[in-house]
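Trainee: Return atomic coordinates for the entry below.
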Amino acid sequence: MAENKLQETAGNVSKFVEEIEDEKKRQDAHQLIQLFSAETGYEPKMWGANIIGFGRYHYKYASGHEGDAAPIGFSPRKAQISIYLSQPEDEIREEKLSRLGKHKMGKGCLYIKKISDIDPAVLKELVQDSVSYIKETYPDSK
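Mentor: Numbering: from 1, shown residues only. As a prediction, this is how the structure comes out:
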């Protein structure tokens, strides 16, 4: 079976954040690290070259595909910040997203331009929901 492309690395989170060229995006990354660390209880770790993840869980699908992933994470990309959520789409998530502020939503990825565009309290709820979903679905998660 093929190895997962996205894995936790020994990369230095602080160094990665300090190398973000845009000052505002760098500040937003620091703010997200504080928020995610506080809400999850996990230290930030690099996943791949440009994703900061919090926690780890092991998944195994019915197809036999398995691997490790972070329950929540983000990547401060040039155009926008990608926030990786692990909860299913449902009415509760949709209600929270309606209160979040300016964003776009992909399949499992929330896109924002900057933190000042959103309500951080609602983002905290989405982070908590994501971590709770992973803990319920994968009880052996760390």
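Trainee: tell me the strands in the chain, going along the chain?
Mentor: 44-47, 51-54, 57-60, 66-69, 72-76, 81-84, 104-105, 109-112 (DSSP state E).
Trainee: Paired strands for the fifth one, with orientation please.
Mentor: So the one you mean is strand 72-76. Strand 72-76 pairs in its sheet with strand 51-54 (antiparallel), strand 81-84 (antiparallel), by DSSP bridges.
Trainee: Give me the contacts around the first one.
Mentor: I take that to be strand 51-54. If you take Cβ atoms under 8 Å, 6 or more residues apart in numbering as the criterion, strand 51-54 is touched by 6, 8, 13, 16-17, 29, 32-33, 36-37, 40, 42-47, 69-75, 84. (Each C-beta comes from the backbone N, C-alpha and C, glycine too.)
Trainee: List only those of the residues you listed flagged as buried.
Mentor: 6, 16-17, 29, 32-33, 36, 40, 42, 44-47, 69-75, 84 (16 or more other Cβ atoms under 10 Å).
Trainee: Pick out the residue nearest the middle of the protein.
Mentor: residue 73 (2.0 Å; Cα atoms, centre = their mean).
Trainee: Perfect, that will be all.
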